[in-house]
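# sequence first, predicted coordinates after that:
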Amino acid sequence: MLFQTISWIVFVANRVRQRSSGVFSATISKIVTLSIAIGTAAILIASMVLIGFQKEITKKITTFAGDFEIAKYSGLVAPYTPTSVQVGQVNRLMADLPSAIEKVTAFTQTLMLIHTKEGVEGICCKGVDPMVAHTALEDYLIAGRLPDLTKATYQNECCISHHLAQRLSIALGDSVLVHTLHATVRYRKLKIVGIYCTYLSDIDENLAFCDMRLIQRLNNYSPETVNGYTIFLKDHVKPTKALRDTILGLIDYDLRLISTQRKYVNFYDWLAIIQKNTTIFMFFVLLVAGCTMLATLMVQLMERSYMVGILKVLGGCDGQIYAILLYNSLRTLCIGMLYGNLLGLGLCFLQAHYKCITLEPALYYMRYVPIYTHWKAILFPNLLIFTTLFIALYFSLKWLRQKKIIETLQEG
């Protein structure tokens, strides 16, 4: 019985749609399909671009600064002063949190002045741990290489940002004179072997990289003494407050733990603003699409008032008539979403492969619009659109039923 009822509803809905060509409702249906297609494409693109920004900027920050940083409290007020941490103080982190932590790397740092013909520039020179592969840093090299960490002794080599290289007129292969700002000033002549670029001002304007053992020598540290440790989490792990509290419980009381989300709060606040604007944009797109769906239902009812009367005379109930309207509306919704996915995914894949749309790096921290093409970024917007518009259709039909629209049309 149920199958027969469904078959009858589908049959009548198809006949209504076939007989609608040339009437006003057919034009409205095409407009609604186009509206849903454009809305779907817009939401899909907005979602993939938003996640692309989040992933790209987070990747840049965590590549250079990790997810958490461990250092002495004595370096809190003046973070570039030579405060030391013993290796044994953080050795148990990897053993106690193997499912959350990917690696823990040591770092050293010191404040330096670079002397060139163009002038003097202050930078923070960060020492890279020679015991750990830093292949992720190579993704941001635009010339040269990272300092050679494979030798038995440290090399007087340095990697600086493109921003600093341009400001100081430094080219790859040049040698520059630097000196520390300690009580005992130490001079070194460093060779520029690499130039990197992230377009993140807090990194590009301040950081240079060299062998960790060179900074240990300049700071007069023992081989077991460093300035701090960088914690890199696994891809599926988020730097939550609960994880932060767990790590704090495993390290010594005289060590502080700071997340990169707090250290580079400006970039994360900027991402939060973009996410808020994208959410507002999606809301209005869905609101317009929902209103057009309601308008389609009303037009179909008004144009088919004669059919409604006949169906009522033949014994059709209100639920069957509303089911016919719902079937046709869902068909319009699915066709619109299909076209919207083809349009949105097509534009996204073009941007991902050919980088057609460029950006101003000073404002957006990258040269082109990023696209995140993971299947989750495609599935979620589609579920959001279908669920939202289906609920809008359901409550629209419920509202029409409460207003007894069919009885009014039958009497007319």
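Good, I have the coordinates. Residues are numbered from 1 along each chain as shown.
# could you pull out the strands for the stretch 251-400 of the chain?
255-259 (DSSP state E, counting those that start in this stretch).
# which helix in this protein has the most residues?
helix 24-65 (DSSP state H).
# after it, next one along is what?
strand 68-72 (DSSP states H and E).
# pull the CA atoms of that following strand into PDB?
Output of strand 68-72 as PDB, limited to C-alpha atoms (Å, rounded to 0.1, in the frame of the first residue of the first chain):
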ATOM      1  CA  PHE A  68      53.900  24.700  22.000                       C
ATOM      2  CA  GLU A  69      57.200  26.200  23.200                       C
ATOM      3  CA  ILE A  70      58.900  25.400  26.500                       C
ATOM      4  CA  ALA A  71      61.300  27.900  28.000                       C
ATOM      5  CA  LYS A  72      62.500  29.300  31.400                       C
END
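# now the longest helix of the chain against strand 255-259, angle please.
Computed with axes from the mean of the first three to the mean of the last three C-alpha atoms, to 10 degrees, the direction of helix 24-65 lies at 150 degrees from that of strand 255-259.
# average model confidence for helix 24-65?
For helix 24-65, mean pLDDT is 91.
# okay, now the residue lying closest to Phe281 once chain neighbours are set aside: neighbour count?
Sequence neighbours aside, Ala46 is the residue nearest to Phe281 in space, at 6.0 Å (criterion: C-beta to C-beta, 6 or more residues apart in numbering). Using the backbone N, CA and C atoms, a C-beta is placed for each residue, glycine as well. Using other C-beta atoms under 10 Å, Ala46 has 19 neighbouring residues.
# then the one 10 residues further on?
For Glu56, the neighbour count with other C-beta under 10 Å is 18.
# look up phi and psi at the closest residue to it other than its chain neighbours.
Setting aside the residues directly before and after it, Glu56 is nearest to Pro370 in space (C-beta to C-beta, 6+ apart), at 4.6 Å. The phi and psi torsions at Pro370 (degrees, to the nearest 10) take the values phi -80, psi 150.
# which residues touch Pro370?
49, 52-53, 55-56 (C-beta atoms under 8 Å, 6 or more residues apart in numbering).
# got the confidence number for Cys356?
93.
# how near is it to Ile371?
11 Å (C-beta to C-beta, to the nearest Å).
# out of those two, which sits in the more crowded spot?
Using other C-beta under 10 Å as the criterion, Cys356 and Ile371 rank with Ile371 on top: 23 against 11.
# now do that one against Ala352, distance only.
Counting by C-beta to C-beta, the gap from Ile371 to Ala352 is 4 Å.
# what does Leu333 give?
Taking C-beta to C-beta, one finds Leu333 at 27 Å from Ala352.
# do Val185 as well
Noted for Val185: a distance of 50 Å to Ala352, by C-beta to C-beta.
# more neighbours: the two, which one.
Ala352 (17 against 9).
# does that one really touch Ala377, like I thought?
No: the criterion here is C-beta atoms under 8 Å, and Ala352 misses it with Ala377 at 11.4 Å.
# tell me which strands and helices the longest helix of the chain is in contact with?
Applying 3 or more C-beta pairs under 8 Å, 6 or more residues apart in numbering; DSSP states H and E, one finds that helix 24-65 contacts helix 201-204, helix 260-263, helix 265-303, helix 318-354, helix 375-402.
# for those helices, give me JSON lines that also has distance to Leu111.
Converted to JSON lines, the helices and strands packed on helix 24-65 look like this (distance: least, C-beta to C-beta, whole Å):
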{"stretch": "helix 201-204", "distance to Leu111": "16"}
{"stretch": "helix 260-263", "distance to Leu111": "17"}
{"stretch": "helix 265-303", "distance to Leu111": "21"}
{"stretch": "helix 318-354", "distance to Leu111": "40"}
{"stretch": "helix 375-402", "distance to Leu111": "41"}
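# tell me how the chain divides into domains.
Split into domains by automatic domain parsing, the chain comes to 2-60+268-411, 68-238.
# just list the residues touching the residue nearest in space to the middle of the chain, thanks.
With distances taken as C-alpha atoms, centre = their mean, Gln54 lies nearest the centre of the chain, 2.2 Å away. By C-beta under 8 Å, 6+ apart, the contact set of Gln54 is 271, 275.
# distance check, it against Leu350.
Applying C-beta to C-beta to Gln54 and Leu350 gives a distance of 21 Å.
# same check, this time on Ala95
Remark: distance between Ala95 and Leu350 (C-beta to C-beta) = 48 Å.
# how about the helices in the stretch 101-250 of the chain?
162-168, 201-204, 212-218, 241-250 (DSSP state H, counting those that start in this stretch).
# okay, Asp202: pLDDT?
We have a pLDDT of 91 for Asp202.
# which residue packs closest to it, ignoring adjacent ones?
Tyr264 (5.9 Å).
# burial measure for the one you found, as a count.
20.
# now do Asn219
Asn219 has 21 neighbours, counted by other C-beta under 10 Å.
# quick one: it and Thr110 touch, right?
Yes: assessed by C-beta under 8 Å, Asn219 is found in contact with Thr110 at 5.7 Å.
# re earlier: how near is the residue nearest to Asp202 to Thr58?
Taken as C-beta to C-beta, the span from Tyr264 to Thr58 is 10 Å.
# you'd agree Ala377 is up against Met48?
Yes: Ala377 lies in contact with Met48 (C-beta under 8 Å); the separation is 5.0 Å.
# the two - which one has more neighbours?
More crowded of Ala377 and Met48, by other C-beta under 10 Å: Met48, with 25 against 19.
# so that one sits against Thr373, correct?
Yes: between Met48 and Thr373 there is a contact under C-beta under 8 Å: 6.8 Å.
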